[in-house]
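Quick one, fold the following:
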Amino acid sequence: MSLADDLLELAAATAREAGRMLVDERPAGGPDVVQTKSSPTDVVTQMDRAAEQLIIERIRAARPDDAFLGEEGGTRAGGSGVRWVVDPIDGTVNYLYDLPDWAVSIAAEVDGEAVAGAVEMPRRGESYTAVRGGGALLHTASGIRELHVNAQVPLGKALVATGFGYDAGRRARQAQVLTGVLPNVRDIRRGGSCCVDLCSLAAGRVDAYYERGVQAWDIAAGALIVQEAGGRVEGLDGAPASPELTVAAGPGTFEALHALLAPLDPTRD
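Residues are numbered from 1 along each chain as shown. Model prediction:
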């Protein structure tokens, strides 16, 4: 197997284990909030920290020289040229409320480029995987299928996923942008997890996605899955996807959504 295949195998197995732990050990009354970040509603639970610790321990045992970038502080340098980008629970508020749309996201980068990604959705019974140049797959109890984004969907018939930040000022501005988007698309979906939205795009369940404020750990695995399913994931005017703005869609739909968003100034708070 190639290095990317080896990394994917480790990512997928680790994401599955973390996902099982998050389901099996979720406290009956819900997890405790142990920290807030950008606002009182932007929470970290004890289960976020436990899942990230499990992920780091499993990967470090197999590959002790690799680097890590984790949402909950599990960041360290390494000398192998491989870096793991980890979101132990993408959709923490959904997890807190026992809603199903949350995921464990693990991506492996080689020299700064994502080459393998796994997104585990335990409550949906779905595992998404991708290797750079090898396509994207959805694994369920009923089998495995290759993923393909919807292409050339006219914007007026496009189902568009999005999300909102936690800061009140940013939310107000995002609402203004949304008023420019909503009349021009089929409808909007707000699920509460960036990587779930990206995997839904790869699976053809939505036609496009955009959001301001997503971080590297939110999109590292999901963006690779979308790209390997035939989609584009970028910022405005050819910039890389970043916290400034992330736009994702299939061919044709991406260009139309970009043209709609650009004059709405979606990168301004």
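
which ones are touching the spatially most central residue of the chain?
Geometric centre of the chain, nearest residue: C195, 2.1 Å, by Cα atoms, centre = their mean. Taking Cβ atoms under 8 Å, 6 or more residues apart in numbering, we find C195 in contact with D87, D90, G91, A103, S105, V119, D218, I219, A221, G222. All C-beta spots, glycine's among them, are computed from the backbone N, C-alpha and C.

Quick check: closest non-adjacent residue to it.
Take C195 and drop its neighbours on the chain: the residue closest to it by Cβ to Cβ, 6 or more residues apart in numbering is G222, 3.9 Å away.

Could you do A202 as well?
Nearest non-adjacent residue to A202 (Cβ to Cβ, 6+ apart): A229, at 3.8 Å.

need the contact list for G73.
Here G73 is in contact with E52 (criterion: Cβ under 8 Å, 6+ apart).

and it, helix, strand or coil?
Secondary structure, DSSP: H, G, I helix; E, B strand; the rest coil: G73 is coil.

shaky segments in this protein?
34-44, 74 (pLDDT under 70).

Which parts of it are strands?
For the chain, the strands defined by DSSP state E occupy 33-36, 43-45, 67-70, 82-90, 103-110, 113-121, 126-131, 136-140, 143-146, 159-162, 187-189, 208-211, 232-234, 246-249.

these two touch, right, L198 and A220?
No. With contact defined as Cβ atoms under 8 Å, L198 does not reach A220; the gap is 10.2 Å.

Between the two, tell me which one has more neighbours.
Remark: of L198 and A220, L198 carries more neighbours, 35 against 25, as counted by other Cβ atoms under 10 Å.

Pull the contacting residues for the more buried one.
V119, Y209, I219, G222, A223, I225, V226, V233, A248.

give me the number of residues near the second one?
Which is Y209. By the measure other Cβ under 10 Å, the count of residues near Y209 is 28.

Double-check it against A158; I have them as touching.
No. Taking contacts as Cβ under 8 Å, Y209 lies outside contact range of A158: 10.3 Å.

between the two, what contacts are shared?
Counting by Cβ under 8 Å, 6+ apart, the shared contacts of Y209 and A158 are A249.

can you give me the helices in this structure?
3-24, 46-62, 92-96, 168-181, 194-202, 216-228, 253-261 (DSSP state H).

Which secondary structure elements does the longest one sit against?
Helices and strands touching helix 3-24, by 3 or more Cβ pairs under 8 Å, 6 or more residues apart in numbering; DSSP states H and E, are helix 46-62, strand 82-90, strand 103-110, strand 113-121, strand 126-131.

Q176 - nearest residue in space that isn't next to it in sequence?
Leaving aside its chain neighbours, Q176 sits nearest to L264 (7.8 Å; criterion: Cβ to Cβ, 6+ apart).
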